[in-house]
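Q: coords below, sequence missing:
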C-alpha cells in the first residue's frame with residue numbers, strides 16, 4: 001500500500017493542512033468559473049457548476065464515510081447526522097469559510113444555517129443575478145446531490161437564503177434537511193456514472209491505524225466545529241489524501257461538464273489549464289503559510305510534494321530529492337487529472353506554485369525515462385504573479401484566516 005506523502009508531517013501540521021486543503025478545494029470554482037463566464041456566459045457557467053459538483057460529491061462523500069467509519073450500516077439508508085458529518089469534511093463546505101451551524105431534531109430531521117458564507121461574500125459584489133445563480137440555481141440540485149450519497153430520499157430545502165433582505169441579514173441562509181419515505185428518489189446527473197468509473201472514485205488508500213494516538217474514526221456523535229486535531233496522525237493523513245481525491249473528482253466533473261460545451265479540444269484544454277494555474281498558485285501560498293516553509297529551493301520542493309495537484313501519493317507518482325522531483329505515469333494520468341496537463345511542454349502550474357513561496361524561484365522541466373523531472377531553480381529577477389492566480393485572489397478565501405474553535409457534541413433538540 002502506497003504511503004501518504006502527508007504522513008511525513010506532524011499531527012499538528014496535518015490538522016492545519018487538512019483544513020487548508022478543504023478551503024483550497026472550494027477555491028477550484030473561483031478559478032474555473034471565471035473562465036467559463038468569459039467563454040460561455042453566466043447561464044452556461046451555472047449549468048457547468050451544477051454538473052461539476054453533482055458528478056463528484058456523491059462519490060467523495062461515500063468515500064469519506066467509509067474511510068472514517070460513519071457509513072450507514074445499510075447502504076443508502078443513512079440519517080441526518082451522517083449527512084452533516086459529510087458536509088464537515090467536504091470541499092464544498094470548508095470550515096469557518098462556509099460557517100455551517102447544525103441542529104439535529106431527530107435522525108430524519110435537522111437544520112443548518114450559515115453564520116458566514118465566504119462564497120456569498122465573493123459573489124455579492126457581482127450583483128443579484130450572480131447571487132441568485134449560486135444560492136438558488138446551483139445550491140438546489142447540488143445540496144440534494146450531496147445528501148443522496150447518504151439517503152436517496154433526503155431533501156435539503158431553504159427557509160431563507162440570499163439575496164439578503166435586509167442587505168446585512170444574518171445568518172446568511174437557513175435550510176432544513178428531511179428524510180421522508182414519501183419523497184421521490186433524487187435523480188443523479190448522467191455524468192455521475194461516468195465519474196464513478198474513474199480511478200479516483202475507486203482508488204484504494206492506506207487504512208487508518210486504529211492503534212495510533214487520537215481518534216481513528218468519526219463513528220461517535222456529530223460535533224460542532226469538528227476538531228481536526230482530535231484525529232490521530234494516521235487518520236489525518238488519510239483525510240488529507242481523501243480531500244485531494246475530492247479535488248480530483250471535482251476537476252473530473254468540471255471536465256465532463258466542459259467537454260460538450262467546448263467548441264474545440266484547444267478551448268477545453270485552455271480553460272482547464274487556466275483553472276489549474278489559478279488553483280496552483282493560491283493553494284501553494286496557503287500551504288506555505290500554514291507550514292511556515294522556508295522560501296528556498298528545499299522549501300519549494302517540499303511544497304510541490306505536498307501540493308494537491310500532485311497528490312495523493314497512491315494517485316500521482318512523485319519522487320522528490322533536495323532540489324527536484326520526478327513524476328511518472330500513474331492512475332491520475334489515466335483519469336486525465338491535473339498532473340496529466342503538466343510536463344516538459346507546459347509547466348506553468350509548477351512555476352505558479354513555487355513563485356507563491358518566492359517570486360525568484362522557477363521550475364525547469366525536462367523529460368526523463370518514463371516521466372519528467374522538475375528542478376527548482378532561483379532567478380535573479382522576480383516573476384510577476386500569473387493573471388490566473390490574480391483572478392482567484394479576488395476571493396476572500398485567498399487570505400482567509402482560521403480562528404480557534406471549541407468542538408462540542410450536537411444533540412437532538
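A: Perfect, thanks for sending it. Since the model is a prediction, treat every value here as computed from it, not as a measurement. Residues are numbered from 1 along each chain as shown.
Q: Contacts for stretch 62-79 next, please.
A: Identification of contacts with stretch 62-79 by Cβ atoms under 8 Å, 6 or more residues apart in numbering yields 82, 85-86, 89-90, 107-108, 149-152, 179, 201, 205, 208, 216-219, 235, 238-239, 242, 245. Backbone N, C-alpha and C define where each C-beta goes, glycine included.
Q: Which members of those are positioned in helices?
A: Using DSSP state H, 82, 85, 86, 201, 235, 238, 239, 242, 245 are the members of the contacts of stretch 62-79 that sit in helices.
Q: list the contacts for the fourth one?
A: Put plainly, it is residue 201. Counting by Cβ under 8 Å, 6+ apart, residue 201 has contacts 59, 63, 195, 249.
Q: Columns distance to residue 37 on top of the residues you listed, output as TSV?
A: Converted to TSV, the contacts of residue 201 look like this (distance: Cβ to Cβ, whole Å):
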residue	distance to residue 37
59	26
63	30
195	23
249	23
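Q: Which of those sits closest to residue 189?
A: residue 195 (9.4 Å; Cβ to Cβ).
Q: Where do the domain boundaries of the chain fall?
A: 5-254, 264-398 (automatic domain parsing).
Q: Do I have it right that residue 161 meets residue 136?
A: Yes. Using Cβ atoms under 8 Å, residue 161 is in contact with residue 136, at 7.2 Å.
Q: Between those two, which is the more surrounded one?
A: residue 161 (23 against 14; other Cβ atoms under 10 Å).
Q: Next one: the residue lying closest to the more buried one once chain neighbours are set aside, what pLDDT does it get?
A: Counting by Cβ to Cβ, 6 or more residues apart in numbering, residue 173 is the residue found nearest to residue 161 once chain neighbours are left out, at 4.0 Å. Looking at residue 173, its pLDDT is 96.
Q: What degree of burial does residue 173 show, as a neighbour count?
A: Neighbours around residue 173, by other Cβ under 10 Å: 19.
Q: any idea how far residue 97 is from residue 118?
A: 4 Å (Cβ to Cβ, to the nearest Å).
Q: Return every residue with contacts to both of these two.
A: Taking Cβ under 8 Å, 6+ apart as the contact rule, the neighbours common to residue 97 and residue 118 are 26, 396, 397, 400.
Q: With pLDDT, neighbour count and secondary structure added, can I get those residues in JSON lines?
A: Shown next, in JSON lines, are these (pLDDT from 0 to 100; neighbours: other Cβ atoms under 10 Å; DSSP: H, G, I helix; E, B strand; the rest coil):
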{"residue": "26", "pLDDT": "96", "neighbour count": "23", "secondary structure": "helix"}
{"residue": "396", "pLDDT": "95", "neighbour count": "15", "secondary structure": "helix"}
{"residue": "397", "pLDDT": "95", "neighbour count": "22", "secondary structure": "helix"}
{"residue": "400", "pLDDT": "96", "neighbour count": "18", "secondary structure": "coil"}
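Q: from the residues you listed, which two are the most distant?
A: 26 and 396 (10.8 Å).
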